[in-house]
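>>> Got a predicted structure here, sequence first:
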Number of protein chains: 2
Amino acid sequence: MTSSPSVEVVWRQPAWIAAELDGEAVYATDEGKMALVIDLARRNVAHGGGPFGAAVFEGDSGRIVALGANWVVAQRCSLLHAEIAAIAFAELFVGTHSLAGGNYELFASSEPCAQCLGATAWSGVRRLVCGAAASEAEAIGFDEGPRRTDWVAQLEARGIAVTLGLLATEAQKVLHAYAARGGPIYNAFASAG
Amino acid sequence: MTSSPSVEVVWRQPAWIAAELDGEAVYATDEGKMALVIDLARRNVAHGGGPFGAAVFEGDSGRIVALGANWVVAQRCSLLHAEIAAIAFAELFVGTHSLAGGNYELFASSEPCAQCLGATAWSGVRRLVCGAAASEAEAIGFDEGPRRTDWVAQLEARGIAVTLGLLATEAQKVLHAYAARGGPIYNAFASAG
């Protein structure tokens, strides 16, 4: 078993992230931030990953804190959805287990699945902004899991403002292009074996 | 920002796991497996962690595949609940992004929060067995998050058998002892700053 202290779960930012994206750019508008995470989703598909991108921004400055994409297959971990990656790398950057000490925003190219919804609640972000609707991800075969129908209100009750459907048409295009090229739909239990 | 490819999120099994627990032991019964994860939760509190333990077992042999506990504060990551750790280390051990290729069982000393519920759905485990009820964790201040009331049926619809309340009294004792010693309740947004 894996109890040896030398055994480590390691998540890495793929090299293409730094090569293709400007981590020092500042994003003044919600549309600019959403366009970045949609671009990230598109590029992730081109590099063999899943069609989902996310980022944590510093709300006041518009700076990128961390980028994430769906690296489930490449990094061999079912947890590694885009939002999870963005949260984990943001907390690494900030150096604590919570982002609640600052004004941080999570942008995601699609609505969160059940897992990422819960992770968002615990992350300490103040705001969640989503592109494509969950129904769009489901339409191409991804299971969003056991989410509550009132999940937006549940997040807002925990101090997280939620905006849905920003640049939704652009975000959907990435999902549809992924389906058209026959990308693997791996997060449904039945097809994960 | 954190886009450098040299930036890594790393999760480690604390050294006390290998020092105190026998990773080679075989657990023939559900009660034995649950007693182990409750013991893990208790020991994790003694080492400064949260009062939650989990493990992935190979269902047929009863061998431990991976152990996890709540290492949110120690490893500076809001994601790092016991179930998340057990799933991540189990997938590392198996070497794929899904446990669906085998007969794996997840045991947890308490019912999963919203995040871990979703993560369980995507992990490929065939079975989830829980000790303390969510209401017990909530009674000492932990927020279980936006879970569906029919979450058990939702998991079962995805091929995951669920057993609740195994050794619940023993599992509750760890939560109550943690509360009595004033352990930090860190996963609620309001108290996470």
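That came in fine, so what should we check first? Only a predicted model underlies this, so the values are computations on that prediction, with no experimental measurement involved. Numbers count the residues shown, from 1 in each chain, chains lettered A, B, ... in the order given.
>>> so where's chain A uncertain?
A:1-6, A:186-193 (pLDDT under 70).
>>> The longest helix seen in chain A - contacts with which helices or strands?
Ranked by residue count and defined by DSSP state H, the top helix of chain A is helix A:30-46. The contact analysis (3 or more CB pairs under 8 Å, 6 or more residues apart in numbering or on different chains; DSSP states H and E) places helix A:30-46 against strand A:53-58, strand A:64-69, helix A:82-94, strand A:104-110, strand A:127-132, helix A:168-180. To be clear about C-beta, it is placed using only N, CA and C from the backbone, and glycine gets the same treatment.
>>> The second one: which residues count as buried?
Of the residues in strand A:64-69, A:64-69 count as buried by neighbour count, 16 or more other CB atoms under 10 Å in any protein chain shown.
>>> List of residues touching it?
A:13, A:17, A:21, A:23-25, A:27, A:36, A:40-41, A:43-44, A:49-50, A:52-58, A:81-90, A:92-94, A:104, B:1-3 (CB atoms under 8 Å, 6 or more residues apart in numbering or on different chains).
>>> That strand pairs with which strands, parallel or anti?
Its sheet considered, strand A:64-69 pairs with strand A:53-58 (antiparallel) by DSSP bridges.
>>> who touches the partner strand?
Outside strand A:53-58, the residues that reach it (CB under 8 Å, 6+ apart) are A:27, A:33, A:36-44, A:63-70, A:81-83, A:85-87, A:89-90, A:99, A:102-109, A:125.
>>> Now with 7 Å, please.
Residues outside strand A:53-58 that contact it (CB atoms under 7 Å, 6 or more residues apart in numbering or on different chains): A:27, A:33, A:36-38, A:40-41, A:44, A:63-69, A:82-83, A:85-87, A:90, A:102-109, A:125.
>>> Same check on stretch A:28-44?
A:20, A:27, A:50-55, A:57, A:62, A:67, A:69-70, A:107-109, A:129, A:131, A:166-167, A:170-171, A:174.
>>> ok, now with 6 Å
Contact with stretch A:28-44 is made by A:27, A:51-55, A:57, A:62, A:69, A:107, A:109, A:131, A:166-167, A:170-171, A:174, as judged by CB atoms under 6 Å, 6 or more residues apart in numbering or on different chains.
>>> Next: stretch A:73-88.
The contact list for stretch A:73-88 (CB under 6 Å, 6+ apart) reads A:11, A:49, A:52-56, A:66, A:68-72, A:108, A:112, A:116, A:119, A:123, B:9, B:88, B:91, B:96-98, B:119, B:122-123.
>>> buried residues in the helix or strand where A:Gln115 lies?
If you go by DSSP states H and E, A:Gln115 is part of helix A:114-123. Neighbour-count burial for helix A:114-123, counted by 16+ other CB under 10 Å, picks out A:114-123.
>>> A:Leu106 contacts A:Arg126, correct?
No: in this structure, A:Leu106 is not within contact of A:Arg126 by CB atoms under 6 Å, at 9.0 Å.
>>> Pick out whichever of these two has more residues nearby.
Between A:Leu106 and A:Arg126, A:Leu106 has the larger neighbour count (other CB atoms under 10 Å in any protein chain shown), namely 32 against 17.
>>> For that one, which non-adjacent residue is spatially closest?
A:Val125 (4.5 Å; CB to CB, 6 or more residues apart in numbering or on different chains).
>>> same deal with A:Tyr104?
A:Val125 (4.9 Å).
>>> ok but the one you found is inside a helix, no?
No: counting by DSSP: H, G, I helix; E, B strand; the rest coil, A:Val125 is located in no helix; its state is coil.
>>> That one: neighbour count?
Counted with other CB under 10 Å, A:Val125 comes out at 32.
>>> Next up, the contacts around it.
A:99, A:104, A:106 are the contacts of A:Val125 under CB under 6 Å, 6+ apart.
>>> Distance of it relative to A:Val37?
The gap separating A:Val125 from A:Val37 is 14 Å, by CB to CB, to the nearest Å.
>>> and the residue nearest to A:Tyr104, backbone torsions?
phi -70, psi 150 (degrees, to the nearest 10).
>>> now A:Pro51
Torsion angles, degrees, to the nearest 10, at A:Pro51: phi -80, psi 50.
>>> can you check A:Leu155 too?
phi -70, psi -40.
>>> so it sits right up against A:Val162, yeah?
Yes: counting by CB under 6 Å, A:Val162 is a contact partner of A:Leu155 at 5.4 Å.
>>> Between the two, which is the more surrounded one?
Legend: neighbour count by other CB under 10 Å for A:Leu155 and A:Val162, higher for A:Leu155 (23 against 17).
>>> Ignoring the adjacent residues along the chain, who's closest to A:Gly59?
A:Asn103 (3.9 Å).
>>> Now do the contacts for that neighbour.
Contacts for A:Asn103 (CB under 6 Å, 6+ apart) come out as A:59-60, A:126.
>>> Let's see that with 10 Å instead.
Contacts for A:Asn103 (CB atoms under 10 Å, 6 or more residues apart in numbering or on different chains) come out as A:57-61, A:125-127.
>>> and the residues you listed, which two are the farthest apart?
A:Ser61 and A:Val125 (15.2 Å; CB to CB).
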